[in-house]
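> fold the following.
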Amino acid sequence: MQFILKFINKLLKLWYTFNLNKLGLMFGTDKADGHFYLQHYQKHFRPYKFKNIKLLEIGVGGYEHHDYGGHSLRMWKSYFWHGKIHALDIYDKSALQENRIKIFKGSQVDLKFLDKTITEIGDLDIIIDDGSHINEHVITTFKHLFPKLKSGGIYVIEDTQTSYWKDKGGDSDNMNNPETMMSFFKSLTDGLNHKEYVKPGYEPTYFDENIIAIHFYHNLIFIYKGQNDEPSNLIVNNQRG
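Reported below is the predicted structural model:
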């Protein structure tokens, strides 16, 4: 009986492999049940499906329970046929490791830990922040890890509703509060057009030069990394005429 159930499970994974939402429901991740993320993930991640990618997800789920969580990790493993799936969590989740899934224990704002983890993993194609959702943490982690993402990679921020929650460092009154994640990521959109600034002598930031697209959805952000060097058709060296 156990053999039959395992066989049926494998058939379902194969049947659903191109439908990320069904895979998410099958594995029980709240990315499918509770949120509406997977339709967007499928759109943005489709080009990576059969590539030998390295993915890092911040946050495993299950809180302090060492043998609970990892639902989305198993979903990613099933979706990315050749992908290596990595995760980090403040709790020990090593019991959830399996072939092609490795989990590190540590904080997303412990920069030395992050450096050590990235050194062990190697170049990353995808980073997903589904960690503490504390605004300060999200911004700090992004500033440190985005430069370590491969060119052509994608950095994802989940659950951006906490940008408006005071207990997470958010603000529902001042939408331009620079300490909130939404305000921070909105501020990066101008950098997409840094070649158009009329500011002689302007020195572009790292994010100006290395972000080529930002997609905002309900509670979800996708940031694309690449060389943002497309010239202006009218501005030369940040000067007109």
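
> does Y16 touch A32 like I think?
No: shown here, Y16 and A32 do not form a contact pair, counting by C-beta atoms under 8 Å, at 11.1 Å. Every C-beta, even on glycine, is put in place using the N, C-alpha and C of the backbone.

> report the set of residues contacting both of these two.
L23 (C-beta atoms under 8 Å, 6 or more residues apart in numbering).

> which of these two has more residues huddled nearby?
A32 (23 against 19; other C-beta atoms under 10 Å).

> element containing that one, please.
Using DSSP states H and E, A32 sits within no helix or strand.

> tell me how far it lies from K93.
Per C-beta to C-beta, to the nearest Å, A32 is found 20 Å from K93.

> state the next helix or strand along the chain beyond the longest strand anywhere in the chain.
In the chain, assigned by DSSP state E, the strand with the most residues is strand 149-158. Next in sequence after strand 149-158, counting helices and strands by DSSP H and E, comes helix 181-187.

> residues contacting the helix or strand following that next one, please?
Note on helix 181-187: by DSSP H and E, the next helix or strand toward the C-terminus is helix 206-210. The contact list for helix 206-210 (C-beta under 8 Å, 6+ apart) reads F146, P147, S151, L188, G191, H194, K225, G226, Q227, N228, D229.

> run the chain-centre distance for helix 206-210.
Here helix 206-210 is found 18 Å from its chain centre; the criterion is C-alpha atoms, centre = their mean, to the nearest Å.

> in it, what counts as buried?
In terms of neighbour count (16 or more other C-beta atoms under 10 Å), helix 206-210 has its buried residues at F207, D208, N210.

> same check on stretch 204-220?
By neighbour count on 16+ other C-beta under 10 Å, the buried set for stretch 204-220 is F207, D208, N210, I211, I212, I214, L220.

> may I see those residues organised as CSV, with distance to E158 and pLDDT added?
Compiled in CSV, the buried residues of stretch 204-220 are given as follows (distance: C-beta to C-beta, whole Å; pLDDT from 0 to 100):
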residue, distance to E158, pLDDT
F207, 20, 98
D208, 25, 98
N210, 21, 98
I211, 18, 98
I212, 21, 98
I214, 15, 98
L220, 6, 98
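
> out of those residues, which two are the most distant from each other?
Among the buried residues of stretch 204-220, the pair separated by the greatest distance (C-beta to C-beta) is D208 and L220, at 23.1 Å.

> A strand includes I139, no?
No: assigned with DSSP: H, G, I helix; E, B strand; the rest coil, I139 falls outside any strand and is helix.

> so how far is T160 from it?
I139 is 12 Å from T160, by C-beta to C-beta.

> which neighbours do the two share?
Joint contacts of I139 and T160 (C-beta under 8 Å, 6+ apart) are M181.

> ok, residues contacting stretch 114-132?
For stretch 114-132, the surrounding residues in contact (C-beta under 8 Å, 6+ apart) are 45, 48, 51, 53-59, 61, 72, 84, 86, 88-89, 102, 104, 106, 108, 137-138, 141-142, 144-146, 148-150, 152-159.

> generate a PyMOL selection restricted to the buried subset of those residues.
In PyMOL, this line selects whichever of the contacts of stretch 114-132 come out buried by 16+ other C-beta under 10 Å:
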select buried, resi 45+48+53+54+55+56+57+58+59+61+72+84+86+88+89+102+104+108+137+138+141+142+144+145+146+148+149+150+153+154+155+156+157+158+159
